[in-house]
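Novice: Got a predicted structure here, sequence first:
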Amino acid sequence: VRLQALVRRDLNYACELTLDPNTAFRELSLSEDNRKVTEVRAEQSYPDHPERFDVFFQVLCREGLTGRSYWEVEWEGGVSIGVTYRDITRTGGGQESFLGGNNKSWSLYCDENGLHTAQHDGRQTDISFPPPPSNRVGVYMDRPAGTLSFYRVSLNTLRHIHTFQSTFTEEDLLPGFGLWRYGASVSLCRL
């Protein structure tokens, strides 16, 4: 699928996102404009906050998703790109606070070896991808249709990676990210 064919339609639903510092695990560093997160393994001087993840290297966006939404990220290292209900557990190291580990969140893990793993409610689906590798992922959420789709963006083309089917409730849904290697990063792209 040509990028123009798919994305031009979906760009009607492009959304501006920013990371929420109040949710960031303490060893994640956010850029000044809150559009990039990097795993630094050095505690940042974030104030205590009840919405902060206290075990997993995760951060959520400020903006909730309504109707149809499209966004893209560029990533390095081993990362999870996902969506979660606002009320995901933030404390403890169990599945209930892990993006994709529970029935409140969906995620796609990506790493530089080409591994992609779709995760929801503790279930995993491994997806292998032939070269060329791409470190840019497009995400299209269609709440009315009950779909959350991930695409690999490369050389002006979108290649489908995975689609989750779900009946989304009216609760707030937020984009979120997990960073699983030292130096890993996720940047929200401007469209």
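Specialist: Nice, thanks for sending it over.

Novice: Nearest residue to Phe53 in space, please, no chain neighbours.
Specialist: Phe25 (4.6 Å; CB to CB, 6 or more residues apart in numbering). From N, CA and C alone the C-beta is placed, and that goes for glycine too.

Novice: Local confidence estimate at the one you found?
Specialist: Note on Phe25: pLDDT of 99.

Novice: Ramachandran angles for it?
Specialist: Main-chain dihedrals, Phe25, degrees, to the nearest 10: phi -60, psi 150.

Novice: quick one: it and Leu60 touch, right?
Specialist: No - between Phe25 and Leu60 there is no contact under CB atoms under 8 Å: 10.7 Å.

Novice: neighbour count winner among these two?
Specialist: Neighbours were counted for Phe25 and for Leu60 using other CB atoms under 10 Å; Leu60 has more, 24 against 21.

Novice: residues contacting the nearest residue to Arg86 once chain neighbours are set aside?
Specialist: In space, and not counting its chain neighbours, Arg86 is closest to Asp172: 4.1 Å by CB to CB, 6+ apart. Neighbour list for Asp172: Gly64, Leu65, Tyr85, Arg86 [criterion: CB atoms under 8 Å, 6 or more residues apart in numbering].
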